[in-house]
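give me the fold of what follows.
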Amino acid sequence: MASFQTRLNLSLVFLWCLLLSGMALADEASLTWGQLNNEQQQVLNPLAAQWDSLRPWQREKMLDIARDYPKMSPARQELVQQRLTNWSRMTPYERENARKNHHQFQSLPPEKKYELRKKWLEYQQLPESERARLRSDSPEANNPPLDVN
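Predicted structure coming up:
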């Protein structure tokens with residue numbers, strides 16, 4: 001059985017490692033675009049123009065994506081690139097709405113999420129002309145009223 005002193009030393013070493021890893025993450029989130037390595041820049045290229053103005057938590061999230069990217073299937077990589085490109089083209093207002101919608105969706109019960117996913121898949125299967133007709137029939141669905149509060 002390890003002595004109290006040995007356990008204390010191991011605990012201190014463990015806490016020190018946690019502290020250092022937290023500092024490394026904080027340092028990583030403060031990297032400028034030019035400080036990213038080639039692989040990170042290649043994956044995150046759609047965000048190059050905005051990188052230096054992203055908040056630290058946003059940079060951390062993007063760096064996590066870049067880290068996991070090589071392990072993804074080609075189809076998943078393509079989806080990530082498409083989403084990064086779409087995100088980079090959004091205005092700050094559109095991004096905030098996307099975050100709100102995502103949060104609302106995540107708070108729904110599983111059966112409601114399933115229903116909405118099913119309806120979305122059905123909508124995506126429609127010909128573009130039919131989707132355009134539905135959008136024009138319901139413009140408020142595409143352009144929700146602005147909050148003036």
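
need the residue closest to the centroid of the protein.
For the chain, the residue whose C-alpha lies nearest the mean C-alpha position (C-alpha atoms, centre = their mean) is Lys61; its distance is 6.0 Å.

which other helices and strands does whichever helix or strand that one is part of contact?
Assigned by DSSP states H and E, Lys61 belongs to helix 56-68. Contact analysis of helix 56-68 by 3 or more C-beta pairs under 8 Å, 6 or more residues apart in numbering; DSSP states H and E lists helix 4-29, helix 38-43 as its packing neighbours. Every residue, glycine included, has its C-beta placed from N, CA and C.

could you tell me the least trusted of those?
Within the helices and strands packed on helix 56-68, confidence is poorest for helix 4-29, with a mean of 56 (mean pLDDT).

I'd like to know how far the spatially closest residue to Tyr69 that is not a sequence neighbour sits from Arg135.
Leaving aside its chain neighbours, Tyr69 sits nearest to Val43 (4.7 Å; criterion: C-beta to C-beta, 6 or more residues apart in numbering). For Val43, the distance to Arg135 under the criterion C-beta to C-beta, to the nearest Å works out to 32 Å.

of these two, which one has the most company?
Set side by side, Val43 and Arg135 show unequal neighbour counts under other C-beta atoms under 10 Å, the larger going to Val43 at 23 against 12.

any idea how the chain splits into domains?
Domain assignment of the chain by automatic domain parsing yields the ranges 41-107, 109-138.
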